[in-house]
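In: can you look at this prediction? I've put the sequence above it.
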Amino acid sequence: MRRSLAIVLLAVTLSTTVLASGNGAGLSPLFSHGAGGRALGMGGANVALANDASSVFWNPATLTSLPDRSLSLLYLPLPEGTKYSAAAFGWPTVDYGSFAVAAFLLTTDQIQRRDNLGRLLGDFSANQQMYLLGYGKNISRHLALGATIKLFGESFDNTSAFGAGGDLGIKLTILEYLSFGFNAQNLLAPKLRMNRDTETLPSNLKGGAGVTVPFSGGRNHFAVEVDVDKTEKADPKIHVGAEVAFLHSYFLRGGYDVDQINLGVGLQFGFATFGYTYRTQDFFQPQHQVTLDLSMGGSTSSILAKREAEKLKSSEEFARQQREQELAATLVSARSFYDSGALDSAQTYYQMAEALTNGTNPEVSERLTEIKRKQSDELTATVRAGVLAESDSIKAVELFSELSDAIGLKDIEAATLLIDRLRPAFGNDNRFRDGETRFKALVTERCDQLEREAARLVREDNLADAAVRYAEILKYDSGNTAARRNLKAVSDQVGTLTLLRSGIEAYQAGDTISARQIFERLLTVNPNDSAALGLLQLLNQQTPTSALAELQKNEAIWKIYLEGIEKFREGEYEAAIKLWEQVLAEYPRNAETEKNIQQAKLRLKKNDTTN
């Protein structure tokens, strides 16, 4: 009897009321109060939009919304010496889903022990514990699944019991801003046996829908969610909550939670987010709930951006090596043909080398000029001497045979050389026209093959290799406008990725101003660039920039700032940097001060180079 009264007392303290209806009566599950500053401020409406470590309780499928590793803490003193505390830690990964652990503890101390005559025999304590291990993973772009293994424990005086259970969660994202969530809590119901009594914890079904609408260019957002709880043998309960966020750092929240009103605020400062919720109660004084959420790095968006940068760097290096290898082989062939006097062949290979070096190789430019001069001289001599005239039938048969073999072997390079060699003397010969027709068909077939390969490589994001294919098409067919247009488009994408890498390097080097400018420039070109959006969001989540006017309000700091200006004008750049770093210690990320420090460092670097 004493054990049952203690459990009811603790449940009432948490406002988990005994419900009765025509369908029967039941007790809401302990720990239904939950955790997490956002969820509490929104009246417990969190099954669809949860995005912090406490998601492991509300809906394990929403662990996929964790932006980075985070720790969520809650401590709540309650009447009658009861204390409610919770801690949750979430760890999202890019490849293996998201993981979380949590612990909930409800304790009541100094419960009086009396005998049957009502005489005081001392006191004891009672507590309930719940430990969670959760996992969530995106199955597709719109569907995420999650599961939680839980261990319940109950201790009353010198008696204790434990039972294991499990939850199953689903998150469905229909549109970009609309989500639905479902969580079957205690789907595997824990059973606790204490003395001769066995207690099965009731199952609870949570379902809800939430909408998050960004505004002011994504710097702010408005979120609203409606949830329904249905505990076994109890009437459904409604939770409604809303949140308005400004600059990703300031939050206003409100909610309706089973006939109670919740009002909350949140403030993000650096890696910490502080939350406060005011909650009305029917039988006790209003609750003042304080939460702390800590971001511990490991942002999935930054990891993806880093991978993209590494992939870009790798593809660029591979493309560079391929170009160098192709250039080396091309120059070997060009020099060999040139040394042997085969000027037509040498010209073809030097032209290929010119395309690979964008006309910057002096040797190639000089040789092409020289070959054109020699060809002009040879053509004059050929016309005069009648070399390769139509009467030279033995030579003609040999060359046409080589042309036929080259086309049969699909050796475009060799066939090109033979076509160029035969055209001056045999351009009107039927054998030449037939060979030229077959040659053109071979070039068309090769260009079609290269077009298909290039399209496949673009789909696989292998832009460097795709560019090589389009360049080869233009080598065979310089008038192919589609290939030229596609080569430009691919080159522009490679340029975008190069710019993204520059922004990431600036961000990692602490140059947030340059990084922000680069990401904003990228978004003007491609507003849907996910990597740039993610990294710009990270920059926006950092400590807000202080204005120069704020420095002027602090007389001591303003004096230090002006001293730095004087040192800079006098050329004492290191002294200026030290003074401005003192300003940043009080006003982190002050834009003007950061720009001044960058200018001073540039002057120092310039002086070092000059000396």
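Out: Cool, got the structure. Owing to the predicted nature of the structure, the values given are computational and were not obtained by experimental measurement.
In: report all helices and strands that the longest helix anywhere in the chain contacts.
Out: The single longest helix within the chain, with elements called by DSSP state H, is helix 300-339. Here helix 300-339 touches helix 343-357, helix 362-385, helix 463-476, helix 481-508, helix 530-540, going by 3 or more CB pairs under 8 Å, 6 or more residues apart in numbering; DSSP states H and E. Any C-beta I mention is one placed from the backbone N, CA and C, and that applies to glycine too.
In: mind checking these for the one nearest to T108?
Out: Closest approach to T108 among these (CB to CB): helix 530-540, 43.3 Å.
In: starting at the chain centroid, how far to the next helix or strand along the chain from that closest one?
Out: Per DSSP states H and E, helix 530-540 leads on to helix 548-553 as the next helix or strand towards the C-terminus. Per CA atoms, centre = their mean, to the nearest Å, the displacement of helix 548-553 from the mean C-alpha position of its chain is 36 Å.
In: before we move on, what about stretch 93-101?
Out: Mean C-alpha position of stretch 93-101 versus that of the full chain (CA atoms, centre = their mean) differs by 14 Å.
In: only C-alpha atoms, please: export it in PDB.
Out: Only the C-alpha atoms of stretch 93-101 are listed here, as PDB (Å, rounded to 0.1, in the frame of the first residue of the first chain):
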ATOM      1  CA  THR A  93      26.900  11.000 -38.300                       C
ATOM      2  CA  VAL A  94      26.900  11.500 -42.000                       C
ATOM      3  CA  ASP A  95      27.000   7.800 -43.000                       C
ATOM      4  CA  TYR A  96      25.600   5.700 -40.200                       C
ATOM      5  CA  GLY A  97      22.600   7.600 -38.800                       C
ATOM      6  CA  SER A  98      22.300   9.400 -35.500                       C
ATOM      7  CA  PHE A  99      22.800   8.000 -32.000                       C
ATOM      8  CA  ALA A 100      21.700   9.200 -28.600                       C
ATOM      9  CA  VAL A 101      21.700   8.200 -24.900                       C
END
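In: buried residues in it?
Out: G97, S98, F99, A100 (16 or more other CB atoms under 10 Å).
In: hmm, who's touching that stretch?
Out: 53, 55-56, 60, 63-64, 66, 88-92, 131-138, 300, 303-304, 307 (CB atoms under 8 Å, 6 or more residues apart in numbering).
In: still on that earlier bit, now the angle between helix 481-508 and the longest helix of the chain, please.
Out: Orientation of helix 300-339 against helix 481-508 (axes from the mean of the first three to the mean of the last three CA atoms, to 10 degrees) gives an angle of 130 degrees.
In: helix 463-476 and helix 300-339, what's the angle between them?
Out: Interaxial angle, helix 300-339 versus helix 463-476 (the same axes, to 10 degrees): 30 degrees.
In: per-residue pLDDT of the residue nearest to the spatial centre of the chain, please?
Out: Geometric centre of the chain, nearest residue: S301, 2.2 Å, by CA atoms, centre = their mean. Note for S301: predicted pLDDT of 75.
In: now N204
Out: So, for N204, pLDDT stands at 90.
In: isn't it right next to P236, touching?
Out: No. Using CB atoms under 8 Å, N204 is not in contact with P236; the gap is 10.7 Å.
In: any common contacting residues for the two?
Out: By CB under 8 Å, 6+ apart, the residues touching both N204 and P236 are D229, K230.
In: look up the residues forming beta bridges with the nearest residue to L172 once chain neighbours are set aside.
Out: Spatial nearest neighbour of L172, excluding adjacent residues (CB to CB, 6 or more residues apart in numbering): F180 at 4.5 Å. F180 has these beta-bridge partners by DSSP bridges: L172, A209.
In: with neighbour numbers in mind, choose between N204 and P236.
Out: N204 (22 against 12; other CB atoms under 10 Å).
In: who's in contact with the residue lying closest to the more buried one once chain neighbours are set aside?
Out: Closest residue to N204 apart from its sequence neighbours, by CB to CB, 6+ apart: Q185 at 4.2 Å. Going by CB under 8 Å, 6+ apart, Q185 touches P29, D167, S203, N204, L205, K206.
In: which SS class is Q185?
Out: Three-state call for Q185 (DSSP: H, G, I helix; E, B strand; the rest coil): strand.
In: where's it relative to L76, distance?
Out: Here the criterion is CB to CB, to the nearest Å. By it, Q185 lies 20 Å from L76.
In: swap in G43?
Out: Distance, G43 to L76, using CB to CB: 16 Å.
In: name the residue in the two with the higher neighbour count.
Out: Taking other CB under 10 Å, G43 and L76 do not tie; G43 has more neighbours (27 against 21).
In: wait, what's in contact with the residue nearest to that one when sequence neighbours are not counted?
Out: Spatial nearest neighbour of G43, excluding adjacent residues (CB to CB, 6+ apart): G255 at 2.2 Å. By CB under 8 Å, 6+ apart, the contact set of G255 is G41, M42, G43, G44, A45, H239, V240, G241, A242, I261, N262, G264.
In: V211 touches V226, doesn't it?
Out: No. Counting by CB under 8 Å, V211 stays clear of V226, with 9.6 Å between them.
In: list residues touching both of those two?
Out: With CB under 8 Å, 6+ apart as the test, V211 and V226 reach no residue in common.
In: can you tell me the strand partners of whatever helix or strand L292 lives in and which way each runs?
Out: Here L292, judged by DSSP H and E, is contained in strand 287-295. If you go by DSSP bridges, strand 287-295 pairs up with strand 70-78 (antiparallel), strand 272-279 (antiparallel).
In: quick one: it to chain centroid distance?
Out: Centre-to-centre, strand 287-295 and its host chain are 27 Å apart (CA atoms, centre = their mean).
In: that one: which residues count as buried?
Out: By neighbour count on 16+ other CB under 10 Å, the buried set for strand 287-295 is Q287, Q289, T291, D293, S295.
In: and the gap between the first one and H33?
Out: Looking back up the chat, that one is Q287. Using CB to CB, we find Q287 at a distance of 9 Å from H33.
In: same question for the third one.
Out: Distance of T291 to H33, given as CB to CB: 12 Å.
In: tell me the confidence at I7?
Out: I7 carries a pLDDT score of 41 in this model.
In: equivalent analysis for A509, please.
Out: For A509, pLDDT reads 63.
In: hang on, T198 packs against G163?
Out: No. The pair T198 and G163 fails to qualify as a contact (CB under 8 Å) at a distance of 9.3 Å.
In: overlap in contacts, the two.
Out: Contact criterion CB under 8 Å, 6+ apart; residues shared by T198 and G163: K191, L192.
In: who's more crowded, the two?
Out: Between T198 and G163, counted using other CB under 10 Å, G163 has the larger neighbour count: 19 against 11.
In: please name the residues that touch that one.
Out: Taking CB under 8 Å, 6+ apart as the test, what G163 contacts is L151, F152, P190, K191, L192, R193, L201.
In: which of these count as buried?
Out: The neighbour-count test (16+ other CB under 10 Å) applied to the contacts of G163 identifies F152, P190, L192, L201 as buried.
In: and the second one, what are its phi and psi?
Out: Geometry field for P190 lists phi and psi as phi -70, psi 140, criterion degrees, to the nearest 10.
In: brilliant, that's me finished.
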